[in-house]
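Chemist: can you look at this prediction? I've put the sequence above it.
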Amino acid sequence: MRALGRREYLPAELTQRLLARGFDEAVVAEAIQTLLDQRLLSESRAIAALVQSKSGKRAVGRDALRESLLAKGVDE
């Protein structure tokens, strides 16, 4: 939960992070779904936050932004 307080995470990104820390896949899937159901985790908010951060002082192009989103687990 501390991680969610720092910034918005994509569901796929948080899933990878928890699996890398050794949590069981079924437990992670259930936890992610619970967070989504309670609107504590939102793919659309995470995408908006990422776009906002990338379009700041060091703005990146459309292709670079697309690649960044794909790398974080967002489907086309």
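Modeler: Great, that's in hand.
Chemist: most centrally placed residue in this protein?
Modeler: Nearest to the centroid of the C-alpha atoms of the chain, with distances taken as CA atoms, centre = their mean, sits Leu10, at 1.5 Å.
Chemist: doesn't Asp75 make contact with that one?
Modeler: No: in this structure, Leu10 is not within contact of Asp75 by CB atoms under 8 Å, at 10.4 Å. To be clear about C-beta, it is placed using only N, CA and C from the backbone, and glycine gets the same treatment.
Chemist: now the residue nearest to the centre of the chain, nearest residue through space, not along the chain?
Modeler: Ala46 (4.5 Å; CB to CB, 6 or more residues apart in numbering).
Chemist: any buried residues in the helix or strand harbouring that neighbour, and which?
Modeler: Assigned by DSSP states H and E, Ala46 falls within helix 43-54. Buried residues in helix 43-54, defined by neighbour count with 16 or more other CB atoms under 10 Å: 43, 46-47, 50.
Chemist: before we move on, the earlier item: give the contact list for the residue nearest to Leu10.
Modeler: The contact partners of Ala46, by CB atoms under 8 Å, 6 or more residues apart in numbering, come to 8-10, 13.
Chemist: end to end, how far does stretch 31-47 reach?
Modeler: With CA to CA, to the nearest Å as the measure, stretch 31-47 spans 20 Å from end to end.
Chemist: pLDDT on that stretch, on average?
Modeler: Average pLDDT, stretch 31-47: 93.
Chemist: next one: the closest residue to Val51 other than its chain neighbours relative to Gln16, how far apart?
Modeler: With CB to CB, 6+ apart as the criterion, Val51 has its nearest non-adjacent residue at 6.5 Å, and that residue is Leu65. Distance, Leu65 to Gln16, by CB to CB, to the nearest Å: 20 Å.
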